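Participant: Mind looking at a prediction? Sequence and model below.
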Amino acid sequence: MPDNGFDHQKRVYSDITQLVASPENPTPIVRLNRIHDNKDFPLYLKLERYNPFGSVKDRIALAMLKGLDVGNKTVVEPSSGNTGIALAAIANAWGIPVEIAVPEKVPEEKKVMLKLLGVKLQEADDALCPLFPTEGARGLVNSLVNSPATKDKYVSPNQYENELNVQAHYRGTGPEIWRQTNGEITHFFAGFGTCGTITGVGRYLKEQNPKIKIIGVEPYYLNHQLPGMKRITGLAEEYIPKILDRSVIDETVAVTDEDAYGTAIELAKKDGIPVGPTTGAILSAALKAARTGRGLAVVISPDDAFKYTSFYRNFLKTESRAPAMKSVDLSGYVC
């Protein structure tokens, strides 16, 4: 067996981080067959769950840690789960100490995964996607890296402002999609979160073909239960992630929690693909757009359903009682 390096063809690696997707080792795209039947407008899901730590955030965690001058400091980052899991796994592989701050209301499954990775977990009583950098988990991390008492102990990749977040998708996810579709892609759908995915992929695809439509998906409700997604519409400019490049966005679509979870459940039942609720939201927008016309769309699927089973439980109970997802009580949900 080789002592170092890797071989994608034989699938032999000397370091778990070498499995993170790249143009030479892309995550798969899979056509949807039963949930969508317009043969003139096929939809493909790009399944980011096939990254080694289970999500699209593996890409940016690797890029940001490679570019971070850690020294003798501890890496600390706010996360709704996926970035934290990826950062922790990579940091463990490289012997780097890491702490993660999460909103109290993230799925319990993600907290368990972080604890499994040995992370010192700090929970903040805040929204799943805080509006302000001073709120909750983001505010906690900002205080650690900026306070005179702790700034020499901590360093943060700061995924909301780190250009490497964008570059990971410009150099990786975008070229993968272009090659996998043989340049035939006409539409790309992604959610607004830190905005690295939609900016990096959108920028790359627009350079290949300016006619490609880039559609951003956001929660319909200000108070929602779609971890990792952010409602951009109506936000003051100072609170929008600095890495977002609005010039590549052709359209913004808002999706309700009901439609997001309902679409994800329907996908699992019709095409056998278990995805997270964010994928459900993005796919819901894509399905509506692809009912008529011609084209070829790729829908980013950030992760799978297994980190959200506790969240799905309530929606599945509601579904079993009544066919309409609109009966779900959203009063307790937070952004």
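Facilitator: Perfect, I can see it now. Keep in mind that what you see is a predicted model, and the values were worked out from it rather than measured.

Participant: Which strand residues bridge Ile215?
Facilitator: On the basis of DSSP bridges, Ile215 is bridged to Phe189, Glu251.

Participant: got a pLDDT number for it?
Facilitator: Note for Ile215: predicted pLDDT of 98.

Participant: Show me where the stretch 201-335 of the chain dips below the pLDDT cut-off.
Facilitator: 318-335 (pLDDT under 70).

Participant: What segments of it are helices?
Facilitator: 257-271, 277-289, 309-321 (DSSP state H, counting those that start in this stretch).

Participant: Using JSON lines, please lay out these together with distance to Val299 and mean neighbour count.
Facilitator: In short, each C-beta sits where N, CA and C put it, glycine included. Shown next, in JSON lines, are the helices of the stretch 201-335 of the chain (distance: least, C-beta to C-beta, whole Å; neighbours: other C-beta atoms under 10 Å):
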{"stretch": "helix 257-271", "distance to Val299": "10", "mean neighbour count": "21"}
{"stretch": "helix 277-289", "distance to Val299": "5", "mean neighbour count": "25"}
{"stretch": "helix 309-321", "distance to Val299": "19", "mean neighbour count": "15"}
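
Participant: Looking at the ones you listed, which is nearest to Leu164?
Facilitator: For Leu164, the closest of these is helix 277-289, at 21.6 Å, according to C-beta to C-beta.

Participant: Could you export that closest one as PDB, keeping only the C-alpha atoms?
Facilitator: Listed next in PDB are the C-alpha coordinates belonging to helix 277-289 (Å, rounded to 0.1, in the frame of the first residue of the first chain):
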ATOM      1  CA  PRO A 277     -34.900  19.900   4.100                       C
ATOM      2  CA  THR A 278     -32.700  22.500   2.500                       C
ATOM      3  CA  THR A 279     -32.500  20.300  -0.600                       C
ATOM      4  CA  GLY A 280     -36.300  20.000  -0.400                       C
ATOM      5  CA  ALA A 281     -36.600  23.800  -0.600                       C
ATOM      6  CA  ILE A 282     -34.200  24.100  -3.500                       C
ATOM      7  CA  LEU A 283     -35.800  21.200  -5.400                       C
ATOM      8  CA  SER A 284     -39.300  22.700  -4.800                       C
ATOM      9  CA  ALA A 285     -38.300  25.800  -6.600                       C
ATOM     10  CA  ALA A 286     -36.700  23.800  -9.400                       C
ATOM     11  CA  LEU A 287     -39.800  21.600  -9.900                       C
ATOM     12  CA  LYS A 288     -42.000  24.600 -10.300                       C
ATOM     13  CA  ALA A 289     -39.700  26.200 -12.800                       C
END
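
Participant: Check which helices and strands it sits against.
Facilitator: Judged by 3 or more C-beta pairs under 8 Å, 6 or more residues apart in numbering; DSSP states H and E, the packing partners of helix 277-289 are strand 43-47, strand 187-191, strand 213-219, strand 251-255, helix 257-271, strand 297-301.

Participant: can you pull the contacts of Gln122?
Facilitator: Gln122 makes contacts with 99-102, 137, 140, as judged by C-beta atoms under 8 Å, 6 or more residues apart in numbering.

Participant: Sort out which of these are in strands and list them.
Facilitator: Judged by DSSP state E, those include 99-102 as members of strands.
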